[in-house]
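> After the sequence you'll find the predicted model.
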Amino acid sequence: DAKTTQPPSMDCAEGRAANLPCNHSTISGNEYVYWYRQIHSQGPQYIIHGLKNNETNEMASLIITEDRKSSTLILPHATLRDTAVYYCIVRVPRGGAGSYQLTFGKGTKLSVIP
Amino acid sequence: NAGVTQTPKFQVLKTGQSMTLQCAQDMNHNSMYWYRQDPGMGLRLIYYSASEGTTDKGEVPNGYNVSRLNKREFSLRLESAAPSQTSVYFCASLGGGVLQPQHFGDGTRLSIL
């Protein structure tokens, strides 16, 4: 299983872009990178995922390096509500088609500062 | 649209008591999961069910049993609770399509004295 490495914590000023890095140097060619976040004690919330191209949705952008060994989640204009733990996960197929295990590490605790 | 609903939200047990945590999803998802999260840690998979009628062990299954009652419901049972099982328990579901994300409930906070 591909492992991920994230910094334990980061600060970001409100209104600025938050750039959260993730290393996944052993990722396989067919594994996707997923990002989730967990606000306080709520359940994890899906943000975005990608394979090798950059992706953007209403919440964030995902930049994956050409060699796929690392990625960066970008929150373009961070707000106080974005304070959370952010998890970078490499998706490993398990349990047959359509059933995938998510392996959560400790993530990055992002603090958005007023 | 409720998504994934977990009950109860909070529970305190004494060592040795039994309890069942309930999870239901209304998204017609095939796969369901139970995770636990200890303070300062990421989530760890306890059991999962790839489809109705099947269950399988995850990373930390000892001390737990599960039942996939039907497509909507997936329960987690502690037969004889131990203080080491004090944790926050999350249920998740996954729909069809290999790229679909897992959807999580808001958790059950369980304390065992």
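Right, received. Where do you want to start?

> Now do the contacts for the residue nearest the centre of chain B.
Most central in chain B under Cα atoms, centre = their mean is residue B:34, positioned 2.9 Å from the mean C-alpha point. By Cβ atoms under 8 Å, 6 or more residues apart in numbering or on different chains, residue B:34 lies in contact with B:21, B:23, B:45-48, B:58, B:64, B:66, B:74, B:76, B:89-91. (Glycine included, C-beta is placed from N, CA and C.)

> Among those, name the ones in helices.
Assignment to helices by DSSP state H places none of the contacts of residue B:34 there.

> Of those, which are in range of chain A?
The residues of the contacts of residue B:34 that also fall near chain A, by Cβ under 8 Å from any Cβ of the partner chain, are B:45, B:48, B:58, B:90.

> near chain A, which residues of chain B show up?
So far as Cβ under 8 Å from any Cβ goes, chain B lies against chain A at B:4, B:30-31, B:33, B:35, B:40-45, B:48, B:50-51, B:56, B:58, B:88, B:90, B:92, B:94, B:96-99, B:101-107, B:109.

> Let me have the contacts of residue B:34 in TSV, adding distance to residue A:90 and neighbour count as columns.
As requested, the contacts of residue B:34 are exported to TSV (distance: Cβ to Cβ, whole Å; neighbours: other Cβ atoms under 10 Å in any protein chain shown):
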residue	distance to residue A:90	neighbour count
B:21	28	21
B:23	25	25
B:45	15	21
B:46	20	22
B:47	21	22
B:48	17	27
B:58	17	20
B:64	26	19
B:66	25	24
B:74	25	28
B:76	26	23
B:89	24	23
B:90	20	26
B:91	22	27
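
> Out of the residues you listed, flag the one nearest to residue A:67.
Residue A:67 has its nearest neighbour among those in residue B:45, at 29.0 Å by Cβ to Cβ.

> ok, and what's touching the helix or strand hosting residue A:37?
Taking DSSP states H and E as the definition, residue A:37 sits inside strand A:33-38. With Cβ under 8 Å, 6+ apart as the test, strand A:33-38 has contacts from A:20, A:22, A:24, A:27, A:44-51, A:60, A:62, A:64, A:71, A:73, A:82, A:84-91, A:102, A:104, A:107, B:101.

> Neighbouring strands of it in the sheet, and parallel or not?
The strands beside strand A:33-38 in its sheet (DSSP bridges) come out as strand A:45-50 (antiparallel), strand A:84-90 (antiparallel).

> Using a markdown table, lay out the ones you listed together with mean neighbour count.
Shown next, in a markdown table, are the strands paired with strand A:33-38 (neighbours: other Cβ atoms under 10 Å in any protein chain shown):
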| stretch | mean neighbour count |
| --- | --- |
| strand A:45-50 | 18 |
| strand A:84-90 | 24 |
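
> Break down the chain into its strands, ranges please.
As the question left the chain open, I've gone with chain A. For chain A, the strands defined by DSSP state E cover A:9-13, A:18-23, A:33-38, A:45-50, A:55-56, A:61-64, A:70-75, A:84-90, A:92-93, A:100-101, A:108-113.

> actually it's chain B I care about, not the one you picked
Along chain B, the segments classed as strands by DSSP E run B:4-7, B:10-13, B:19-25, B:31-37, B:43-49, B:56-57, B:65-68, B:74-78, B:87-94, B:103-104, B:108-112.
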